[in-house]
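Colleague: build me a model:
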Amino acid sequence: MKNRDGKPNSQSEKSSRTVHLAIMFVVLCGLSFYLGGIFGSEKNRYNTNDISKVFGVSKESLPCALQVKAVNFSQCSPDLQDYTPCTDPKRWKKFNVHRLAFLERHCPPMFEKKECLVPPPDGYKLPIRWPKSRDECWYRNVPYDWINKQKSNQHWLVKEGEKFLFPGGGTMFPNGVSSYVDLMQDLIPEMKDGTIRTAIDTGCGVASWGGDLLDRGILTVSLAPRDNHEAQVQLH
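Modeller: Numbering: from 1, shown residues only. So this is what the prediction gives:
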């Protein structure tokens, strides 16, 4: 259409163009939905039989479900209650003492590996949850009275009722581990402001030093010394 002055009407051209674009959009949407429906229905028709026909594979040759066979392990003897395979004190004498190589991690060969379940101690209970486990543990889980007797003067732990309590003492802490760490902070002020955030404790007993540092925002790796008697995994 043209105006009275003979010029084309721009508004009518714009409206007609918009109508054409809208129609094309609707048609394309309908076509895409139609093709999508066909593709989805065809895809659902495929099954195991179709696959075997396409590739020429018989049903008998298709992989079957994985067969899992249950294995029952016998219980280990009571003397293996604290057995740690790769750090067994009974095997240390087989290795060289040069540079204390016998203290390194030595895993047993295949013919010496034990396939049995380590029995829990009589009266075993579920371990106390963290963070309470840092200060106490069940006595029946580590029933070794010699610890309380031989280490009583060092205040490593105290037996009270059914529990071992860790009061925060030790060979190096006659006045308690907190008092010891307070003196360390006087010498090393960086322990107070977050500059020092990690520490390592070698030759620890019950990791009371690392436990106290944890309250002060310092994470400690505590490494126990050589163990000649029991593994004491519960304490370390």
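Colleague: lowest-scoring secondary structure element of this structure by mean pLDDT?
Modeller: helix 48-55 (a mean of 51; mean pLDDT, DSSP states H and E).
Colleague: and the helices in this protein?
Modeller: Per DSSP state H, the chain carries helices over the ranges 10-44, 48-55, 145-150, 177-187, 208-215.
Colleague: lowest average confidence across the ones you listed, which one?
Modeller: For these, mean pLDDT drops lowest on helix 48-55, to a mean of 51.
Colleague: neighbours of the closest residue to G210 other than its chain neighbours, just the number please.
Modeller: Spatial nearest neighbour of G210, chain neighbours left out: T220 (3.3 Å); criterion: CB to CB, 6 or more residues apart in numbering. Yep, even glycine has a C-beta here, placed from its N, CA and C like the rest. For T220, the neighbour count with other CB atoms under 10 Å is 17.
Colleague: cool, F33 as well?
Modeller: Residues near F33, counting by other CB under 10 Å, number 10.
Colleague: one more: F164?
Modeller: Counted with other CB under 10 Å, F164 comes out at 25.
Colleague: who does it bridge with?
Modeller: Counting by DSSP bridges, F164 forms beta bridges with C137, K159.
Colleague: check it and give its pLDDT.
Modeller: F164 carries a pLDDT score of 89 in this model.
Colleague: pull the number of nearby residues for A224.
Modeller: Applying other CB under 10 Å, we find 17 residues neighbouring A224.
Colleague: quick check, pLDDT for the residue nearest to D145 when sequence neighbours are not counted.
Modeller: In space, and not counting its chain neighbours, D145 is closest to K159: 7.8 Å by CB to CB, 6+ apart. K159 carries a pLDDT score of 86 in this model.
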